[in-house]
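# Here is a sequence together with a model predicted from it:
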Amino acid sequence: MQRRVVIAGALRLPFARSHTAYAELDNLTMLSAMLRALVERCSLAGETLGEVAAGATIKHARDWNLARDATLASGLDPHTPAHDLQRACGTSLTAVAELACRIGAGEIESGIAAGVDTMSDVPLEFSGDLQRILIGAQRAKSLGARVAALAKLRPKHLKPALPRVVEPLTGLSMGEHCELMAKEWGISRADQDRLALDGHMAAAKAWAEGFFADLVVAPFSLARDNNVRPDTSLDKLAKLPTVYDRGPQGTLTAGNSTPLTDGAAAVLLGSEDWVRVRKLPVLAYLSHARTAAVDHAGLAGPREGLLMAHTYAVARLLEHTSLGLQDFDFYEIHEAFSAEVLCTLKAWESDDYCRT
């Protein structure tokens, strides 16, 4: 029998625009601080949990055991196992779904699901030639052979390249794909700007009213999100240049797109019995999860919008639970871009899209 899964704790860092407040921090530092804060908040010091699952979208090679290393720095009993996972834009949600399934099935009683990312500390890439030269020098059996290998170095080999977050099959970034979606669905620049403004105003109001007081911890210098702009306006947003299509048909700007952001978040999950014994709060029950993918490169049919997979996932979840879109009070749609949210809503309102 599937057991109910409780969300018994949740914390996050204030989110920071990349290269600002967390510019000197790395994934391990932020994730370790996040886990320590959750362990302290929920009085779990010295406890052995069933699992910690966490990850990051972009990692250095040194982060190969990120979740386990952060767990060892968290205050949990070192016998707590941990593992890494990665799903672009959905790493921590996947961690939540995985641990919930294991708790529900009775495999484990508790776990922490977490995610971290920093674009301030991205790995620099160098040419394959430099890699081969350095490995050849390391493998050399004599000083002469090592010198000969290193003598092949040229200035061009030392030129670094920042990683480009693009889809290999299309060569397009997420923003470029979203610009195509906006054109496909007829999403205007004005509508995107209005949604962006509403988001900034709602976030600023939430901070001012203390909505985040029990959710956000600030172990570093930043006390609140610095990517919220309460001083923006429709006039200011309208003056920003487009970013991904700089021609007259472009609609996505820095104002209606999310900034590159550094941060971390974690949730504590447990069975009802485990939570009750420890007198932890029941913040929510996690009942269902679904994932989906789209054919964004047109490999098996017409090209689909890269960021439209949740229209599939939600439909499958509703079908499985015999629920409808109107059976919920609140939705949270991952807002990489205002256009993404508006495309999703328009798709759900389209009889043809929902049918075919």
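Good, I have the coordinates.
# looking at this, Arg102 is in a helix?
Yes: judged by DSSP: H, G, I helix; E, B strand; the rest coil, Arg102 forms part of a helix.
# Look at it and say how many residues are nearby.
18 (other Cβ atoms under 10 Å). All C-beta spots, glycine's among them, are computed from the backbone N, C-alpha and C.
# any idea how far it is from Ala95?
11 Å (Cβ to Cβ, to the nearest Å).
# Report the secondary structure state of the residue lying closest to Cys42 once chain neighbours are set aside.
Spatially, and ignoring its direct neighbours in sequence, Cys42 is nearest to Gly9 (4.4 Å; Cβ to Cβ, 6 or more residues apart in numbering). Using three-state DSSP, the structure places Gly9 in strand.
# Please report how far Arg146 lies from His157.
16 Å.
# same thing with Arg303?
Taking Cβ to Cβ, one finds Arg303 at 38 Å from His157.
# try Pro241
From Pro241 to His157 the distance is 36 Å (Cβ to Cβ).
# what's the pLDDT at Ala148?
For Ala148, the pLDDT comes out at 91.
# now the helices for the stretch 1-150 of the chain?
27-41, 66-72, 91-104, 128-139, 143-150 (DSSP state H, counting those that start in this stretch).
# between these, which one is nearest to Gly50?
Nearest to Gly50, of all the helices of the stretch 1-150 of the chain, is helix 91-104, at 7.1 Å by Cβ to Cβ.
# so what secondary structure elements neighbour that closest one?
strand 5-12, strand 51-55, strand 110-117, strand 261-271 (3 or more Cβ pairs under 8 Å, 6 or more residues apart in numbering; DSSP states H and E).
# Quick one: distance of that helix to the chain centre.
On the basis of Cα atoms, centre = their mean, to the nearest Å, helix 91-104 sits 15 Å off its chain's mean C-alpha point.
# Contacts for it next, please.
For helix 91-104, the surrounding residues in contact (Cβ atoms under 8 Å, 6 or more residues apart in numbering) are 2-5, 50-51, 53-57, 85, 87, 108-115, 117, 265-267, 269-271, 286, 289, 291.
# now swap in stretch 315-327 and tell me
Ser287, His288, Ala289, Arg290, Ala292, Val314, Trp348, Cys354.
# Need the residue closest to the centroid of this protein.
Cys89 (4.1 Å; Cα atoms, centre = their mean).
# Leaving out the residues flanking it, which one is nearest to that one?
His334 (6.5 Å).
# ok now do the one you found, which residues does it touch?
His334 touches Cys89, His310, Glu340, counting by Cβ under 8 Å, 6+ apart.
# Can you read off the pLDDT for the nearest residue to Leu283 once chain neighbours are set aside?
In space, and not counting its chain neighbours, Leu283 is closest to Ile7: 4.8 Å by Cβ to Cβ, 6+ apart. Ile7 carries a pLDDT score of 98 in this model.
# Understood, closing this out.
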